[in-house]
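Undergrad: predicted coordinates and the sequence they were generated for:
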Amino acid sequence: MEFDYHVDRLLESNEKTTDMLEELLGNPLSIKVLCQRYEIDKEIEDITLYRESVMIDPQKNLIVSQNFVRLFPKYIPRSFYYNMIWKRKGIGHYLNQLNIKTSRLITSCGFTKDAEMTNHFQKSVRILFHSKNLPIPFKKYDIYFDNFAVPGFSIIEYFNPEIFSGKN
């Protein structure tokens, strides 16, 4: 089935998620940063940046996904980090624009329900798209930059199940 292929590919592939979503929907996507704040991480004894955003298909006025991201500034090339933060651009678009080499490690993926969705701090989150009681596909993954053995980003992404229905 076409539905299963697209969901499986999105959840299990190490390809750039933004590129796969744009291919699936046939439109360039935009990002809206909902919040961006620094957190003191006692576990790693460092400051991290926490960011929430939604990816939107502006032609269909549809929220495609919602992201919860922890950025670890020590493990991100400085010029990339500062430009992305100041311009509040999407990670995928900025990686493509600057042609920065990265690798990804999927740490978890599958389906969840509204009531079970959490961020990196295991706090419940409210998703801004309507799931219509359908299981919500999600993917947790880390992005590594060349020359760093520790991830620069840890991402939890929840996908609007409507994008796979073919009726979006």
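TA: Arrived safely, thanks for sending.
Undergrad: assumed Ile100 was part of a strand.
TA: No. Read with DSSP: H, G, I helix; E, B strand; the rest coil, Ile100 is coil and lies in no strand.
Undergrad: that one and Pro77 touch, don't they?
TA: Yes. The criterion here is Cβ atoms under 8 Å, and Ile100 meets it with Pro77 at 7.1 Å. The C-beta positions use only the backbone N, C-alpha and C, and glycine is treated the same way.
Undergrad: any common contacting residues for those two?
TA: Common neighbours of Ile100 and Pro77 (criterion: Cβ atoms under 8 Å, 6 or more residues apart in numbering): Phe145.
Undergrad: tell me how far stretch 148-161 is from the chain's mean position?
TA: 6 Å (Cα atoms, centre = their mean, to the nearest Å).
Undergrad: can you give me the helices for this protein?
TA: 2-12, 17-25, 78-87, 91-98 (DSSP state H).
Undergrad: export the ones you listed to CSV and tack on mean neighbour count?
TA: Compiled in CSV, the helices of the chain are given as follows (neighbours: other Cβ atoms under 10 Å):
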stretch, mean neighbour count
helix 2-12, 14
helix 17-25, 18
helix 78-87, 13
helix 91-98, 17
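Undergrad: any chance of CSV for those, columns distance to Phe72?
TA: Formatted as CSV, those follow (distance: least, Cβ to Cβ, whole Å):
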stretch, distance to Phe72
helix 2-12, 24
helix 17-25, 19
helix 78-87, 10
helix 91-98, 13
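Undergrad: out of the ones you listed, which comes closest to Ile44?
TA: Nearest of the helices of the chain to Ile44, taken as Cβ to Cβ: helix 78-87 at 16.5 Å.
Undergrad: wait, Tyr144 touches Arg104, no?
TA: Yes. Using Cβ under 8 Å, Tyr144 is in contact with Arg104, at 7.4 Å.
Undergrad: nearest to Pro161, out of the helices of the chain?
TA: When the helices of the chain are compared by Cβ to Cβ, helix 2-12 sits nearest Pro161, at 8.6 Å.
Undergrad: now the closest one against helix 17-25, angle please.
TA: Relative orientation of helix 2-12 versus helix 17-25 (axes from the mean of the first three to the mean of the last three Cα atoms, to 10 degrees): 170 degrees.
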